[in-house]
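> Build me a model:
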Amino acid sequence: MNRKVLLAGFVVVALGLIVAGVGLTCLQQAAPGTRIIDIPSIPNIIGSSGSYVLTATFPVVNDSYPVYQTVTPGAASEEVRRLGNLFGLAGEMKSVPSGDEVRLVDNSKDPAAELEYYMNSGAFLYRIPEKMYPDFPDEQADLPSDEETRKIVTDYLTERGLLPDDVHFEKVNVQDQYAHTGLISTTVYNLTKHVSFIKEIQGLRVYNAGVGATINERGEVVSAGNSLRELSPEPVRDVKIVTPEEAYQRLIAGDVVMRVLPDGYDEVVVSDISLGYWMEIKTEPQKYVLPVYVFSCATPSGVHRQYVSAVEESEMQYLI
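Residues are numbered from 1 along each chain as shown. You can find the predicted model right below:
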């Protein structure tokens, strides 16, 4: 029996059954040849996701870091029209049942294109679904090189004023894939490539948000979006943060910002610890952008980032 699977981000189509998962920007593959240094003298600890093994050094951090307030997005109808014009879209705007999203679909185009705008964050996503997920292929797509892909996307976003000055290039990666499973083997076909750009605040990376676009084998931009929130230029105040050691204890206890790891791993190896800023998913409101500790956790399924709030609990009363 043959089995066909479409790997589109985190959407899997198998034997007619569609299983949709939450697309987490924090999921990545383990980097081969990662060097392990200066193993602290901390024993393995049984935590919520398994036995934690610490191979990373605790980073040197400041006692406090600035907190920034987000800017409330403007009128949704005006912004949707503005963005629609940038992508050459026309049509009727419709609110989705959740009430926090507005969608503009242009069926006059062939194929149809659509724009999704998220009122709580100001994030948007433009896409041409039919060009993102073509008919089941029987040969490998001749995708542009990584260098060509980066130039196509950079030019596309820059021409439309959609590449902010405060973001920088992160990477090019294969985005969507189609897998055909036969009796004895599986063939994976690459369908699209994605270019991502990230933002930093005072040298610390912003996680869970960014700017990006995807191209197909013809070099056409088939999706583009921005999930970064606009911030007030000056910080609200500085907040005291917990030490990396305290944050590690929070990780073990399962006190995380977004739960990525399921329970039941025999071993979770913490290979890196750093500090960054966290933005909520685009559907959720967010008043302040706060610092977080970022833990790279290696498991049998790959390397996952876990995020732990870095703010001392006593400071939260001032951020209401």
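> Mind naming the longest helix for this protein?
helix 146-159 (DSSP state H).
> avg pLDDT for stretch 85-92?
What stretch 85-92 shows for mean pLDDT is 92.
> Can you check the distance spanned by it, start to finish?
Distance between the two ends of stretch 85-92: 13 Å, counting by Cα to Cα, to the nearest Å.
> buried ones in it?
86-87, 89, 91 (16 or more other Cβ atoms under 10 Å). C-beta coordinates here come from the backbone N, C-alpha and C atoms, glycine included.
> The next helix or strand along the chain from the longest helix of the chain packs against which elements?
Using DSSP states H and E, the helix or strand that follows helix 146-159 towards the C-terminus is strand 167-174. Under the contact definition 3 or more Cβ pairs under 8 Å, 6 or more residues apart in numbering; DSSP states H and E, strand 167-174 sits against helix 146-159, strand 193-201.
> out of the ones you listed, deepest packed?
The highest mean neighbour count among the helices and strands packed on strand 167-174, using mean count of other Cβ atoms under 10 Å, belongs to strand 193-201: a mean of 20.
> tell me the mean pLDDT over that one?
Strand 193-201 carries an average pLDDT of 97.
> Measure how it sits relative to helix 146-159, angle-wise.
Put simply, strand 193-201 runs at 60 degrees to helix 146-159, going by axes from the mean of the first three to the mean of the last three Cα atoms, to 10 degrees.
> could you say what helices and strands the following helix or strand past strand 193-201 packs with?
Using DSSP H and E, the helix or strand that follows strand 193-201 in sequence is strand 204-207. If you count contacts as 3+ Cβ pairs under 8 Å, 6+ apart, strand 204-207 packs onto strand 193-201, strand 265-278, strand 288-299.
> Looking at those strands, which one is packed in the most?
The highest mean neighbour count among the helices and strands packed on strand 204-207, using mean count of other Cβ under 10 Å, belongs to strand 288-299: a mean of 23.
> Parallel or antiparallel, which strands does that strand pair with?
In the sheet, strand 288-299 lines up against strand 64-69 (antiparallel), strand 265-278 (antiparallel), strand 302-309 (antiparallel) (DSSP bridges).
> Of all the ones you listed, which one comes closest to Thr187?
Of all the strands paired with strand 288-299, strand 302-309 sits nearest to Thr187, with 21.5 Å by Cβ to Cβ.
> For that closest one, the averaged confidence score.
The pLDDT scores in strand 302-309 average 90.
> In that strand, which residues are buried?
If you call a residue buried by 16+ other Cβ under 10 Å, then strand 302-309 has these buried ones: 303-309.
> Likewise for stretch 182-191?
Across stretch 182-191, burial judged by 16+ other Cβ under 10 Å covers 189-191.
> among the residues you listed, which are in strands?
Judged by DSSP state E, strands contain the following of these: 189-190.
> Would you tell me which one of the buried residues of stretch 182-191 comes nearest to Leu251?
Nearest to Leu251 out of those is Asn190 (Cβ to Cβ; 34.5 Å).
> Pairing partners for the closest one in the sheet, please.
On the basis of DSSP bridges, Asn190 is bridged to Gln177.
> from the buried residues of strand 302-309, which single one is nearest Ile241?
Of all the buried residues of strand 302-309, Ser309 has the smallest distance to Ile241: 8.9 Å, by Cβ to Cβ.
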